[in-house]
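1. 3D, please:
(chains A and B)
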Amino acid sequence: QKEVEQDPGPLSVPEGAIVSLNCTYSNSAFQYFMWYRQYSRKGPELLMYTYSSGNKEDGRFTAQVDKSSKYISLFIRDSQPSDSATYLCAMSLSGSARQLTFGSGTQLTVLP
Amino acid sequence: NAGVTQTPKFQVLKTGQSMTLQCAQDMNHNSMYWYRQDPGMGLRLIYYSASEGTTDKGEVPNGYNVSRLNKREFSLRLESAAPSQTSVYFCASSWLGENTEAFFGQGTRLTVV
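-> Got it, this is the predicted structure:
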């Protein structure tokens, strides 16, 4: 069993839809949770960063962490074609970049 | 400000050939990393360098060597390439310590035939 599981998709939604992306994990010691966005043929870039349980909002994006269920989510409101990318969840024990454990990524397409 | 720059962007090797992937960052970061990305596997850490002069193995180091040439540059060497090393390779850098963001390069697509 992988330490971090992520539905690979692909996920296709119409413009303006609410998108929900999810990851589950097995290591209860993870404290820091991240979402990276990766456009085609590009490197990942950090989108959201949260510590422990709770919600964090940044514009149209909301990251949610439920440590009791070992489940994290990224919600995208009013999705745009420019949101089309692969979304990778990542998590670590200490927040150090050298300890990141990544999910396999979910490929999202937002149709105009 | 270029961030993290990787060369080459694409490479085809024959089994048994060697090559070095180059990475340079201009953000004055202490730490640098090499990852590989394979379908369905996510990003996996090959080697990292916490600071200039140090290197350590990551999750999948077999078949690779690294050199931290100076604070800016971190290279990854394949001594005898194998088809299993066909992958997309990403270099990243960050500040040393906790609660730090990793900045990634654009990747090198390597095919070993």
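2. what bridges to the closest residue to chain A within chain B?
-> The nearest approach of chain B to chain A comes at B:Phe104, 3.3 Å away (Cβ to the nearest Cβ). For every residue, glycine as well, the C-beta is placed using N, CA and C. Per DSSP bridges, the residues bridged to B:Phe104 are B:Ala92.
3. What of B:Thr7?
-> B:Gln22.
4. count of neighbours near it?
-> Neighbourhood size, B:Thr7 [other Cβ atoms under 10 Å in any protein chain shown]: 13.
5. I'd assumed B:Met19 was in contact with it.
-> No: using Cβ atoms under 8 Å, B:Thr7 is not in contact with B:Met19, being 11.1 Å away.
6. Okay, buried residues for stretch B:106-113 please.
-> Residues of stretch B:106-113 classed as buried: B:106-110, B:112 (neighbour count, 16 or more other Cβ atoms under 10 Å in any protein chain shown).
7. Residue numbers of chain A in contact with chain B?
-> By the rule Cβ under 8 Å from any Cβ of the partner chain, the part of chain A lying against chain B is A:4, A:6, A:8, A:32, A:41-46, A:49, A:51, A:88, A:90, A:94-98, A:100, A:102-105.
8. Could you list which of these belong to strands?
-> A:4, A:6, A:32, A:45-46, A:49, A:51, A:88, A:90, A:102 (DSSP state E).
9. List buried residues within these.
-> Here, 16+ other Cβ under 10 Å leaves A:4, A:6, A:32, A:49, A:88, A:90, A:102 buried among those.
10. For chain A, which residues score under the pLDDT cut-off?
-> Within chain A, no stretch has pLDDT under 70.
11. what's the answer for chain B, then?
-> If you take pLDDT under 70 as the line, chain B has these spans: B:1.
12. Next, count neighbours for the closest residue to chain B within chain A.
-> Nearest to chain B in chain A, going by Cβ to the nearest Cβ, is A:Gly43, at a distance of 3.3 Å. Neighbours of A:Gly43 under the rule other Cβ under 10 Å: 23.
13. Nearest residue to A:Asp66 in space, please, no chain neighbours.
-> Nearest-residue entry for A:Asp66: A:Ser53, 6.3 Å, with adjacent residues in sequence omitted and distances by Cβ to Cβ, 6 or more residues apart in numbering or on different chains.
14. give me the number of residues near the one you found?
-> A:Ser53 has 14 nearby residues by other Cβ under 10 Å.
15. Next, the contact list for it, please.
-> A:65-68 (Cβ atoms under 8 Å, 6 or more residues apart in numbering or on different chains).
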